[in-house]
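Participant: sharing a model prediction with you, sequence too.
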Amino acid sequence: MRNLTLINEKRHKIQIASNYDQATNDRWIHFIRNPLIEESIVSFVQDEISAIYLYALISTGEVIAINTSGSIHWKTDLTNLNDSNMAKNFVESQSWFSLTYVDTSSQLVALSHDGCIANIDCLDGKTEIVGSFDFGLITGSWSLDTELLCLVTDQSIIGSDKDTTATREFLSPIVIIMNCEFEILAEATLPTSRLSEPIFVTWKSADNSMIAISSVDQDDGIRRIRIFDVTTLSNSVLARAEDGSGKLLSNIFPCPIAWAGPNCSSLIAAVQKRGRHGLEVVFIESNGLQHGNFKLRTNEGDQVVSINWNSDSDLLAAVIVNVCSSDFSRRYRCQLYHRSNYHWYGILLNGFKETIVEAHILCLFSILGISSVNSNTITLYIQQQLSLID
């Protein structure tokens, strides 16, 4: 077993948008480090010549670029790009949910629940619409190399009258695989899903040859994890228990799933409910069979917001929030677990000492979060460098 030590930490306060309102549940959805900038040159010293270091997206549609001196380099507003009135009837008002740096185009690509796909110039923030889906986007996820994009849209409102769609409780999800030129390579239809339940997608990080999708079936209300071949979206398999009975993996918790690299046998990590309050991380092979599990250190009222792997797949992070507290005082905790000889050990169980509004895991040796909001100022954990020692 190893110990974890903090070897370096940098923080910087930035002025956020005037329309940021904690009471309306605005969220910082994505933070992206500029891959062209070396970490060693980031100083956060004001008034020096600097390059863009970080990009951030707010769910209401504002994107900002932060330079290495810690100031805002540019801002852009994506609000006017959303032109799908039909989709807005069926998705939450906080529409923008994904921001990704695409290597092939050297641009940022943003996705919205309203169905809009937008390109953003990394240097000056200029935007353009790539395309839009008339019936909105449920979710979307890029492959690790940003060569492929998986989108999940909805076809259930096609041909329906307005009164029916406004009160509906289900989705008819369509999975679409696109390349970085936004050409459709494959499509498939998922079983009808419940509107109130989120859908999650993860890519096989080793070779991007497969995707796994977690969704709740409308017929029986059970959340299932389906694994697809990316080329044709065929030959899907379902996650099953490891007891040899062939039973489907049950009690899957509604949080993101994460696919490990080859160093951890390319296992999919998901969260499973155990008993009244227990939560476990379960691992699923590419053939759908469960392969091990471990118990999370949780309390009554805890829920897992997200899980993710580091690049070597020997560390797993879980962001946990206690929902028993009010929206404005919830404490988010980041826990890290280390794998050794197929056993998992908790090595950091309270990753943030302050109350945080949101936490996002970029990779486990560079953790980014937000500390408490005061007026229109936030404190960014720009970097926490973590080191494993024997």
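Facilitator: Yep, that arrived. Keep in mind that this is a model prediction, so the values were computed, not measured.
Participant: okay, and for the stretch 251-390 of the chain, where does confidence drop off?
Facilitator: 325-331, 348-390 (pLDDT under 70).
Participant: ok, residue 55 touching residue 63?
Facilitator: Yes: when contacts are counted by CB atoms under 8 Å, residue 55 is listed as touching residue 63 (6.6 Å). (C-beta placed from N, C-alpha, C; glycine too.)
Participant: mind listing the shared neighbours of those two?
Facilitator: 99, 108 (CB atoms under 8 Å, 6 or more residues apart in numbering).
Participant: right, and residue 223 touches residue 252 too?
Facilitator: Yes: judged on CB under 8 Å, residue 223 makes contact with residue 252 at a distance of 4.3 Å.
Participant: so what sits against both of those two?
Facilitator: residue 214.
Participant: how much space is there between residue 249 and residue 257?
Facilitator: 11 Å (CB to CB, to the nearest Å).
Participant: and the nearest residue to residue 316 once chain neighbours are set aside, helix, strand or coil?
Facilitator: If the residues on either side of it in the chain are set aside, residue 316 comes closest to residue 337, at 4.8 Å by CB to CB, 6 or more residues apart in numbering. Judged by DSSP: H, G, I helix; E, B strand; the rest coil, the three-state class of residue 337 is strand.
Participant: in the sheet, who's paired with residue 337?
Facilitator: When assigned by DSSP bridges, residue 337 has beta-bridge partners residue 316, residue 346.
Participant: mind checking how far it is from residue 317?
Facilitator: Taking CB to CB as the measure, residue 337 falls 8 Å from residue 317.
Participant: count of residues packed around residue 125?
Facilitator: Residue 125 has 18 neighbours, counted by other CB atoms under 10 Å.
Participant: who touches it in this structure?
Facilitator: Residue 125 makes contacts with 63, 65, 74, 75, 76, as judged by CB under 8 Å, 6+ apart.
Participant: tell me where this structure has helices.
Facilitator: Applying DSSP state H to the chain gives helices spanning 162-166.
Participant: the residue nearest to residue 197 when sequence neighbours are not counted - how many residues pack around it?
Facilitator: Take residue 197 and drop its neighbours on the chain: the residue closest to it by CB to CB, 6+ apart is residue 216, 3.8 Å away. Residue 216 has 22 neighbours, counted by other CB under 10 Å.
Participant: residue 128 now?
Facilitator: Count around residue 128 with other CB under 10 Å applied: 10.
Participant: mind listing the residues bridging to it?
Facilitator: Beta-bridge partners of residue 128, as defined by DSSP bridges: residue 119.
Participant: repeat for residue 201
Facilitator: Going by DSSP bridges, residue 201 is paired in beta bridges with residue 213.
Participant: is it true that it touches residue 148?
Facilitator: No: Residue 201 lies out of contact with residue 148 (CB under 8 Å); the separation is 11.5 Å.
Participant: now the end-to-end length of stretch 310-318.
Facilitator: 12 Å (CA to CA, to the nearest Å).
Participant: likewise for stretch 105-122?
Facilitator: Termini of stretch 105-122 sit 10 Å apart (CA to CA).
Participant: for residue 295, list each beta-bridge partner.
Facilitator: Going by DSSP bridges, residue 295 forms beta bridges with residue 280.
Participant: that one against residue 274, yeah?
Facilitator: Yes: using CB under 8 Å, residue 295 is in contact with residue 274, at 7.4 Å.
Participant: list residues touching both of those two?
Facilitator: By CB under 8 Å, 6+ apart, the residues touching both residue 295 and residue 274 are residue 280.
Participant: between the two, who's got more neighbours?
Facilitator: residue 274 (15 against 12).
Participant: show me what contacts the more buried one?
Facilitator: So residue 274 contacts 251, 280, 295 (CB under 8 Å, 6+ apart).
Participant: switch to 7 Å and redo it
Facilitator: By CB atoms under 7 Å, 6 or more residues apart in numbering, residue 274 lies in contact with residue 280.
Participant: quickly list what it is bridged to.
Facilitator: Residues in beta-bridge contact with residue 274 (DSSP bridges): residue 278.
Participant: how about residue 228?
Facilitator: residue 211.
Participant: give me the residues contacting stretch 243-253.
Facilitator: Contacts for stretch 243-253 (CB under 7 Å, 6+ apart): 214, 223-225, 238-241, 270-273, 279, 282, 290, 304.
Participant: end to end on that stretch, go ahead and measure it.
Facilitator: End-to-end for stretch 243-253, by CA to CA: 20 Å.
Participant: one more: stretch 298-312?
Facilitator: 25 Å.
Participant: thanks a lot, catch you later.
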